[in-house]
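Enquirer: Next come a sequence and a model predicted from it.
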There are 2 protein chains.
Amino acid sequence: MGRRRRDIPCVPAADRYTLNRMVQCFPTRFNATFAALADPTRRGVLGQLARGDASITELADKFEMTLTGMKKHVSALELAGLVTTEKIGRVRTCRIGPCRLEQELEWIARYRQVWDQRFEALDGVIDELKRQEKTHGRKKRK
Amino acid sequence: MGRRRRDIPCVPAADRYTLNRMVQCFPTRFNATFAALADPTRRGVLGQLARGDASITELADKFEMTLTGMKKHVSALELAGLVTTEKIGRVRTCRIGPCRLEQELEWIARYRQVWDQRFEALDGVIDELKRQEKTHGRKKRK
C-alpha cells in the first residue's frame, strides 16, 4: 500500500503569498546576491572590506590568487552591489557597496517562518497519528 | 593629487571577528545553500513546497521544464538540505528539508550590522570634512 502524501496541513496563505511575491519581485537581484555569497573567497573579501578598503592587488595577495582571479570575484560582488570600486591613479580600490542584503534577509526570515509553521503542522499530524494508534490499541501488538 | 584611502574608521574588532569566524565555520554549507538560492526556479520550488509536498513530475509541470531539468534543481536543493525526497512506489516526492537557513540568516544579519557601522563611520568622516571646510572658509570661494 502506498503511503499518503499531503498529510501535512499547508501554511497560512498570507505567508505563502509574501514568499511568492518576494520571489517574483527580486528575481535578478536575488540571483546576483546569492550567487555572489555562494563562494568562500567572495564572503572572505566582504569580511576583509569590512575592516577597511583595499586594492584588488592587496585582496589578491591576501587570498593568494592571481589578479585576474580576484578581478572576477570582485566583478561578481560589484554586479550584486555588494562592492563598489573606484580607480584612483593606477590603483582600483574596493569598498563595501550599497547593497545591505535587506530583501535577502527578509526573504530568508520569511522562509524560516514558513518552515516553522510547516514543521509544527507535521508535529501535529504525528501527535494525531500517535493518539489514533493508542486508541486502536495498536501498541499492544509490539 | 591622489585622494587618501582608509579615511573610514574600521568597524569594532568583535563584529569583524564574528563575521570572519562564520565565514570559516560554514564554508561548504554556505556554498551549497547560497548557490541553491541563486536560481529563481529553485526559490520558486521552495515556495511551492511550502504549500505542500509535490512529486518531481508535478514540479516539472508547474515550472514548465523537463523532468531532467527539475531533477537537477531538486538535487541542488537536496545537497543544501533545503529539500528532502522520498521514493514511494514509482513517485519521488519532494518536501522542504531540515535546513532552516539559520546560520545564513545570522551571517547576513551580522553583515548588515557591519555595513551599518561602516557607513555611519563614513557619515562621520564626511561631517568632519564639512566642518573643516567651513572653518577654513572654503565655502566663500564658491
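Expert: Thanks, I have it.

Enquirer: Tell me which other helices or strands the helix or strand where A:Lys71 lies touches.
Expert: In this assignment (DSSP states H and E), A:Lys71 forms part of helix A:67-79. The contact analysis (3 or more CB pairs under 8 Å, 6 or more residues apart in numbering or on different chains; DSSP states H and E) places helix A:67-79 against helix A:27-37, helix A:40-51, helix A:56-62, strand A:83-88. For every residue, glycine as well, the C-beta is placed using N, CA and C.

Enquirer: what's that helix in contact with?
Expert: Contact with helix A:67-79 is made by A:32, A:35-36, A:39, A:41-42, A:45-46, A:56-57, A:59-60, A:63, A:83-85, A:94, A:97, as judged by CB atoms under 8 Å, 6 or more residues apart in numbering or on different chains.

Enquirer: buried subset of these?
Expert: A:32, A:35-36, A:39, A:41-42, A:45-46, A:56, A:59-60, A:63, A:83-85, A:94, A:97 (16 or more other CB atoms under 10 Å in any protein chain shown).

Enquirer: tell me the mean pLDDT for the helix holding A:Lys71?
Expert: Throughout helix A:67-79, pLDDT has a mean value of 97.

Enquirer: That helix: which residues count as buried?
Expert: Quick answer for helix A:67-79 (16+ other CB under 10 Å): A:70-71, A:73-74, A:76-78.

Enquirer: Can I get that helix as CSV, trimmed to CA atoms?
Expert: Output of helix A:67-79 as CSV, limited to C-alpha atoms (Å, rounded to 0.1, in the frame of the first residue of the first chain):
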residue,chain,number,x,y,z
LEU,A,67,44.9,39.4,-10.1
THR,A,68,42.7,38.0,-12.9
GLY,A,69,41.0,35.6,-10.5
MET,A,70,40.4,38.3,-7.9
LYS,A,71,39.1,40.7,-10.5
LYS,A,72,36.4,38.1,-11.4
HIS,A,73,35.4,37.7,-7.8
VAL,A,74,35.2,41.5,-7.4
SER,A,75,33.1,41.8,-10.6
ALA,A,76,30.6,39.2,-9.2
LEU,A,77,30.4,41.2,-5.9
GLU,A,78,30.1,44.5,-7.8
LEU,A,79,27.3,43.1,-10.0
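
Enquirer: just the angle between that helix and helix A:27-37, please?
Expert: 140 degrees (axes from the mean of the first three to the mean of the last three CA atoms, to 10 degrees).

Enquirer: Run the chain-centre distance for helix A:67-79.
Expert: 20 Å (CA atoms, centre = their mean, to the nearest Å).
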